[in-house]
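S.K.: Dropping the sequence and predicted coords here.
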Amino acid sequence: RAEGRCRSPAYRAAGPAWSPARSHRGCGSAPSPASRLSDGLELRPKYHGILHCMSTVWKHEGLRGLYQGVTPNMVGAGASWGLYFFFYNAIKAYKKEGKMESLSASEHLVSAAEAGAMTLCITNPIWVTKTRLVLQYNAGMDPSKRQYRGMFDALIKIYKTEGIRGLYKGFVPGLFGTSHGALQFMAYEDLKERYNKYRNRVSDTKLNTVEYIMMAAVSKIFAVVATYPYQVVRARLQDQHNTYSGVFDVIHRTWRKEGVHGFYKGIIPNVIRVTPACCITFVVYENVSGFLLGFRKENN
C-alpha cells in the first residue's frame, strides 16, 4: 500500500489499462469474417461488393478462408487496445498533473496521437502477418499451397526473406493513421463532456452502459469515415502480391485505376466489424477501470 501511494498520478491513471487487452481478445475472433471481407475488398479490385466477395472466398477457400488471419487479429487487437489505453491515460495524466481544469479537445487529440504512434511501433509486425495470412488467396482450400502456416510461421518467414523492414511495411502510412485513434478519442472525450454538461452534471461523471455504447459508436464511425483511405493504402503496401515503390505510388495507381471509390472499398464491412468490438471494449474498460480505481482508493 505504501508503494502504491508513492506512485505518480500518471501511473495511477494508467494502471487499469490491462482490462481492454483482455476484453478485446474475447471479442476479436467473432468479427473475423467481416475482417476478411474488408481486407479482400480493400486489396482486390475484382470484388464487386460484400456478397460477391463472401461468395468468392467461400467458393475457393471454404469456411477456413473467412477466418484466415484470426490469430494475429486477436493478438493484435488485444495488444493494441491494451497498450493504447495505457499510453493514452499515462500521457493524459502527465499533462493534467497540477491542473484543475479538464484537458482541451486539442490536448486529447495530441495525447491520442502520441499513444497511437507508441503502440504502432510495437504492434506493426502483427498487422503485417495478419494481412499476409488473409491474402493467401492463390492457395484455395489446399493447405500445402499456403505460403504461411500461421502467425509465427509468417513472422519468421517475413523476417528471413525481407528482414526487419518487411515487418514494418506500411509503418509510415500507419503513423498517419494514428489520426484515426486521435480523432476517435477526441470525439469520445468531447461527446462525454458535452453530454454531461447537457445533463447538468460534472464533466467527468460516469455514464451508464447504454450511454457509453452510444458515445463509442458515434466516435468510432466518425473516425472510420475520416481516415479510411489511409487503411487502404497501408494494406495495399503490405500485400505480398503487388509491388509498390511507396505511399505515393499506391495513391497514384489506386486513383488512376479505381478513382475515389478505391479509397473507400470495404468501408461497410469495416464499420460492421470494428464498431461492435469498439463499443464492447470501451464499456468494459470504463466499468472495469472505474471499479479498479475505486478499489485502489479504498485500499489506500
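M.R.: Sure thing, it's come through.
S.K.: What residues does the closest residue in space to residue 267 that isn't next to it in sequence make contact with?
M.R.: Spatial nearest neighbour of residue 267, chain neighbours left out: residue 228 (5.2 Å); criterion: Cβ to Cβ, 6 or more residues apart in numbering. Bear in mind the C-beta positions are built from the backbone N, C-alpha and C, glycine included. By Cβ atoms under 8 Å, 6 or more residues apart in numbering, residue 228 lies in contact with 263, 264, 267, 270.
S.K.: Tell me the secondary structure at residue 228.
M.R.: What DSSP: H, G, I helix; E, B strand; the rest coil gives for residue 228 is helix.
S.K.: what does residue 149 give?
M.R.: coil.
S.K.: Next, find the distance separating it from residue 168.
M.R.: 22 Å (Cβ to Cβ, to the nearest Å).
S.K.: quick one: which of the two has more around it?
M.R.: More crowded of residue 149 and residue 168, by other Cβ atoms under 10 Å: residue 168, with 17 against 12.
S.K.: can you count the residues close to the nearest residue to the more buried one once chain neighbours are set aside?
M.R.: Spatially, and ignoring its direct neighbours in sequence, residue 168 is nearest to residue 124 (5.3 Å; Cβ to Cβ, 6+ apart). Neighbours of residue 124 under the rule other Cβ under 10 Å: 19.
S.K.: Any regions of the protein where pLDDT drops low?
M.R.: Along the chain, the model assigns pLDDT under 70 to residues 1-54, 56-58, 60-70, 137-145, 238, 240-241.
S.K.: for it, longest helix please?
M.R.: helix 267-299 (DSSP state H).
S.K.: helices or strands up against that helix?
M.R.: If contacts are counted by 3 or more Cβ pairs under 8 Å, 6 or more residues apart in numbering; DSSP states H and E, helix 267-299 sits against helix 18-28, helix 32-43, helix 70-96, helix 209-238.
S.K.: Mind listing what's buried along the longest one?
M.R.: Pointing back at helix 209-238 there. 211-213, 215-217, 219-224, 227-238 (16 or more other Cβ atoms under 10 Å).
S.K.: starting at the chain centroid, how far to it?
M.R.: 8 Å (Cα atoms, centre = their mean, to the nearest Å).
S.K.: quick one, it and helix 267-299 angle?
M.R.: 130 degrees (axes from the mean of the first three to the mean of the last three Cα atoms, to 10 degrees).
S.K.: Show the subsequent helix or strand relative to helix 209-238.
M.R.: For helix 209-238, the following helix or strand on the C-terminal side (DSSP states H and E) is helix 247-258.
S.K.: Now do that next one: everything it contacts.
M.R.: Defining contact as Cβ under 8 Å, 6+ apart, one finds that helix 247-258 is touched by 45, 172, 173, 232, 233, 236, 237, 244, 262, 263, 265.
S.K.: export it as PDB, just CAs?
M.R.: The C-alpha trace of helix 247-258 is given here as PDB (Å, rounded to 0.1, in the frame of the first residue of the first chain):
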ATOM      1  CA  VAL A 247       2.900   5.500 -50.400                       C
ATOM      2  CA  PHE A 248       2.600   7.900 -53.300                       C
ATOM      3  CA  ASP A 249       2.800   5.100 -55.800                       C
ATOM      4  CA  VAL A 250      -0.100   3.300 -54.100                       C
ATOM      5  CA  ILE A 251      -2.200   6.500 -54.100                       C
ATOM      6  CA  HIS A 252      -1.400   7.300 -57.800                       C
ATOM      7  CA  ARG A 253      -2.200   3.700 -59.000                       C
ATOM      8  CA  THR A 254      -5.400   3.400 -56.900                       C
ATOM      9  CA  TRP A 255      -6.700   6.800 -58.000                       C
ATOM     10  CA  ARG A 256      -5.900   6.100 -61.700                       C
ATOM     11  CA  LYS A 257      -7.500   2.600 -61.800                       C
ATOM     12  CA  GLU A 258     -10.400   2.900 -59.300                       C
END
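S.K.: If anything else comes up later, I'll come back, but that's it for now.
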